[in-house]
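**Q** return a 3D structure for these sequence lines:
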Amino acid sequence: MTNDDPPKNSPTEPVNDLSPPTVIGGSTDIPSEPAHKTIAHFTLLRLLGSGGQGEVYLAEDNRLHRKVALKLLSRRLDFVDPTQRSRIVARFAREAEVASRLDHPGICSVYEFGEANGLPWIAMQLVDGSSLQQRIAESQGTKGPDAPAEHDDFISTVAIPDARRHDAQHPSGAGRSGGPAKPEILRIVRFFEDAAEALHEAHEAGLVHRDIKPGNLMVTPSGGAMILDFGLAHDERGDGPQLTMTGDFMGTPAYMSPEQLAANRIRVDRRSDIYSLGVALFESLTLQRPFESPTREGLYRKISFEPTPSLRRLNPEIPRDLEVVVHRCLEKNPDRRYQTARDLALDLQRFQRFEPIQARPAGRITRLTLWARRNPVIASLGSALFLFLVAGLAWTTWKNKELDRTNRLLVTKTDEAVGALAEARRMADVRLMAEARRDLEDLWPLGQTLIPRIDGFRSRYQALFARLADHEHALRKLEALGHPPSNPGESWSFPEPEANFLAWKHEVLTELVRDLRRFVSAPDGGLAELEKRRKDSEALVDATLVKAEPLWRACAARMRRSSRYQGFVARSQEGLIPLGPDPNSGYEEFLHWASHERGAPYPHRDEAGLLTPFNATTGVILILLPAKTFMQGAQASSANMPNYDPSAEEDELPPHPVSLASYFIGKFEITRAQWMRMSGGHDPSYWNPDTSGGRLDDETCLMLPLENVTWFNGGKVLRRFGLSLPTESQWEFAARAGTTSPWSFGDDVFQCAKYANLADESFLEGFGAGVIYEQGIKDGFPMTAPVGSFAPNGYGLYDVHGNIWEWCEDAFGPYDGGHAPGTGLLLKPSTEERVFRGGCFSYLAIRARSANRDKLLPETPLYNLGLRAVRAVSP
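**A** Numbering: from 1, shown residues only. Purely as a prediction, here's the structure:
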């Protein structure tokens with residue numbers, strides 16, 4: 001749904017294009033049955049799907065009287081960086097233009113495209129069926145083993161019984177090469193044959209898709225394949241403007257080829273799509289992707305360097321020939337893959353006809369070469385040792401009369417071997433330096449356990465740091481052979497015949513020396529940072545465990561007496577300082593020491609029990625909530641049933657009990673001042689004196705909530721400080737504060753002015769006519785407000801309704817997949833998109849309900865989306 005559509009219970013005036021923020025809404029702002037809104041000559045009938053950048057609707061073409069799939073670009077992209085937005089809009093237009101050139105039954109047809117009131121749209125063929133991603137998700141356990149078959153059991157072969165999963169080197173049975181394949185496997189193979197043929201058609205038209213994945217492959221009712229979404233396609237024959245730059249990552253990480261990870265530094269051609277299609281085939285056959293990692297950096301390393309896992313170890317039913325086909329698709333080197341998608345389709349045909357396939361597994365020499373590339377240091381040392389042994393063997397066989405000459409040759413070879421070992425050590429140090437930087441990133445959070453880890457780091461890399469002088473000497477010797485560049489940006493020049501090799505060697509050695517010098521000697525280098533973390537860890541322990549020990553005793557005594565904690569008493573928590581209970585909620589609150597400005601006074605309770613001072617120097621304030629079971633979600637069917645909410649949406653169903661362990665949660669949203677201390681100084685937030693039209697000053701901005709931060713970066717920085725993003729369950733439990741009403745303050749929307757910064761009459765005054773807003777409500781803030789500007793909920797949390805959206809840890813999915821014990825983390829998400837909650841200053845009250853859910857790709861920042869921290873209770 002588009003952002004200019006009126007949400008439920010809102011005014012229905014048309015919305016015009018305005019400067020940010022202009023309109024209210026998101027991917028769920030129109031219910032699944034919109035009130036027949038018209039876009040251009042199309043009437044929207046039903047929302048089919050949505051994502052971070054757009055929505056797809058079932059629509060009626062009022063000119064040709066046919067049903068179409070209408071894709072709309074979301075207006076919330078008005079609020080991202082203008083450069084990024086212009087590129088997204090350009091890609092949207094490019095998708096329509098390039099896809100309209102294709103005419104193939106396996107490619108979704110584009111009928112027409114245009115723009116209505118500044119809103120780009122694409123009218124596409126309406127395709128029956130579901131995405132391959134949905135079929136895989138169903139087979140991963142969303143259906144029970146006795147559930148009725150669906151979709152012709154298209155992908156049921158991948159539901160592998162646990163008893164048949166094994167790691168035997170030579171699985172036997174139906175998986176033998178040439179033996180009959182299960183019908184289900186043949187259905188999958190036929191599907192990918194269709195997909196490969198369709199992909200070949202696009203390639204022959206000069207288009208590289210660049211985002212082949214199960215979500216972009218539609219399974220038709222007949223089991224055929226249809227390729228969707230050419231929004232990231234590259235036109236190899238086009239003369240239009242380039243829409244990517246060096247450093248861009250185009251595609252979905254888990255399905256990207258090694259050359260795509262080079263971010264335009266290596267040419268990406270049709271063979272990259274073949275790799276991505278191979279990943280989708282691997283996942284369809286095994287129910288897991290070939291390369292997975294909890295971190296994006298780890299995923300990139302695996303895709304680039306690790307060998308493809310054996311499919312037959314994951315699913316013994318897969319014939320060997322089919323495994324060879326998949327492995328050919330997933331070769332790291334594009335030259336070793338199928339060179340065209342038709343070559344892949346033909347091999348899949350041969351497999352189905354039990355004919356010999358053209359692809360062959362890698363031979364021993366190839367495997368040895370690939371092993372050497374993955375292990376360059378060991379290979380270099382082995383080569384040097386091999387040369388030395390060959391020289392020694394030759395020495396034993398030469399005649400005595402050649403002894404003198406042989407001895408001289410041996411000395412030469414020995415010197416060469418020593419030189420080769422020195423070169424190998426330098427190459428090893430390049431890798432060690434990269435590992436040292438990665439390990440430094442992992443040396444968090446501050447505390448007692450970090451100190452021995454710092455000592456271990458120093459011990460591991462001390463020899464590397466000591467070799468700096470050797471590398472500096474080698475660099476000076478190398479530079480004595482060449483000539484420095486005459487112009488900035490040029491490289492050193494060296495004499496032939498090894499000019500290129502020596503120039504490359506100089507570049508590598510220069511970078512190694514520079515990185516080592518900075519790490520060892522710079523005031524802000526790695527060793528200086530380690531020393532700072534050691535001192536901060538010692539200070540943290542002293543402040544929060546030693547000096548705060550009387551405060552912890554008093555806190556424990558209060559908790560024993562408190563009915564709120566029902567006998568639960570938290571022991572001293574390293575890194576936190578007790579601040580006493582909130583005077584209204586009665587829950588204990590704590591200062592997070594590491595996020596507090598060094599040397600600034602700690603907050604304390606005034607006569608009214610309120611925290612003072614609370615300003616830009618104050619660290620994160622955490623509330624300790626007790627273990628409890630609560631009802632999560634909402635329903636609109638009966639006021640007599642739990643969590644009744646007349647505005648409840650389908651993804652909030654059903655209300656269900658979730659049991660949570662005790663945890664700490666932020667009293668306020670993370671402020672920009674706190675973020676800059678925690679992240680090292682960079683503030684990504686959108687709002688400033690310029691973007692606010694002079695309504696904000698620099699001092700006020702420090703107390704505004706952080707926004708425009710991605711899920712990835714937000715979670716990474718919080719984890720460094722022993723914090724994390726809340727799960728959906730943790731967030732909703734804290735937001736509800738024991739209530740079952742739509743908002744924590746009840747069901748009266750006009751109370752929002754007291755509790756929530758939303759799109760109201762103040763928002764209208766700030767941004768002019770045309771915006772959707774709550775009439776009769778005026779909160780005094782046209783945009784984001786300093787944290788704590790409104791009344792708290794019953795647990796003492798501020799701004800859980802409105803101000804900015806807040807990221808949650810969970811990937812989005814239906815509630816029927818269950819929750820993790822203790823944290824409530826959603827166990828079976830249906831998408832890679834991440835949940836965010838709470839509403840914001842530019843959305844209506846309906847979006848700020850306690851149960852409301854929304855989702856966004858984790859790498860996407862928004863001008864109205866930030867963070868609230870949680871922390872586990874240490875036992």
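**Q** all contacts plus neighbour counts: C-alpha atoms, from now on.
**A** Noted.
**Q** I'd like the distance from stretch 330-348 to the chain centre, please.
**A** Put simply, stretch 330-348 sits 29 Å off its chain's centre (CA atoms, centre = their mean, to the nearest Å).
**Q** quick check: end-to-end length of it?
**A** In stretch 330-348, first residue to last residue: 15 Å (CA to CA, to the nearest Å).
**Q** tell me which residues of it are tucked away?
**A** Buried residues in stretch 330-348, defined by neighbour count with 16 or more other CA atoms under 10 Å: 330-332, 334, 337-348.
**Q** now do stretch 691-710: distance to the chain's middle.
**A** Counting by CA atoms, centre = their mean, stretch 691-710 comes out at 25 Å from the chain centroid.
**Q** could you dump that stretch to CSV, C-alpha only?
**A** The C-alpha trace of stretch 691-710 is given here as CSV (Å, rounded to 0.1, in the frame of the first residue of the first chain):
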residue,chain,number,x,y,z
THR,A,691,16.4,19.7,7.6
SER,A,692,14.0,21.0,10.3
GLY,A,693,13.8,24.4,8.8
GLY,A,694,15.5,26.0,11.8
ARG,A,695,13.1,24.4,14.3
LEU,A,696,15.9,22.5,16.0
ASP,A,697,19.3,23.6,17.3
ASP,A,698,22.4,21.5,17.9
GLU,A,699,21.9,21.3,21.7
THR,A,700,18.3,20.1,21.3
CYS,A,701,19.4,17.5,18.7
LEU,A,702,21.6,15.8,21.3
MET,A,703,18.5,14.8,23.3
LEU,A,704,16.5,13.7,20.3
PRO,A,705,16.1,10.0,19.7
LEU,A,706,18.6,8.5,17.3
GLU,A,707,17.1,7.7,13.9
ASN,A,708,18.1,6.8,10.4
VAL,A,709,20.1,3.8,11.7
THR,A,710,19.9,0.4,10.2
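**Q** contacts for that stretch next, please.
**A** Stretch 691-710 has contacts (CA atoms under 8 Å, 6 or more residues apart in numbering) with 80, 615-616, 669-673, 675, 683-689, 784-787, 804, 858-867.
**Q** can you give me the helices in the stretch 151-300 of the chain?
**A** For the stretch 151-300 of the chain, the helices defined by DSSP state H, counting those that start in this stretch cover 183-204, 270-286, 296-305.
**Q** in the first one, what counts as buried?
**A** The reference is to helix 183-204. For helix 183-204, burial by neighbour count (16+ other CA under 10 Å) applies to 184-203.
**Q** who does residue 71 bridge with?
**A** Bridge pairing for residue 71 (DSSP bridges) gives the partners residue 56, residue 122.
**Q** and it, what does it touch?
**A** Residues near residue 71 by CA under 8 Å, 6+ apart: 54, 55, 56, 57, 121, 122, 123, 124.
**Q** quick one: which two of those are the most distant?
**A** 54 and 124 (14.3 Å; CA to CA).
**Q** roughly how far apart are the closest residue to residue 740 other than its chain neighbours and residue 836?
**A** Leaving out its chain neighbours, the residue that sits closest to residue 740 by CA to CA, 6 or more residues apart in numbering is residue 643, at 4.8 Å. With distances taken as CA to CA, residue 643 is found 20 Å from residue 836.
**Q** who's more crowded, those two?
**A** A count of neighbours by other CA atoms under 10 Å puts residue 836 above the other of residue 643 and residue 836, at 27 against 23.
**Q** thinking the more buried one is in contact with residue 808, fair?
**A** Yes - judged on CA atoms under 8 Å, residue 836 makes contact with residue 808 at a distance of 5.4 Å.
**Q** low-confidence ranges, the stretch 351-500 of the chain, go.
**A** Flagging of the stretch 351-500 of the chain using pLDDT under 70 yields the residue ranges 361-426.
**Q** which stretches in it count as helices?
**A** 364-374, 376-397, 403-442, 450-466, 468-479, 499-521.
**Q** now swap in the stretch 651-800 of the chain and tell me
**A** Per DSSP H, counting those that start in this stretch, the stretch 651-800 of the chain carries helices over the ranges 672-679, 698-702, 711-720, 728-736, 752-755, 761-767.
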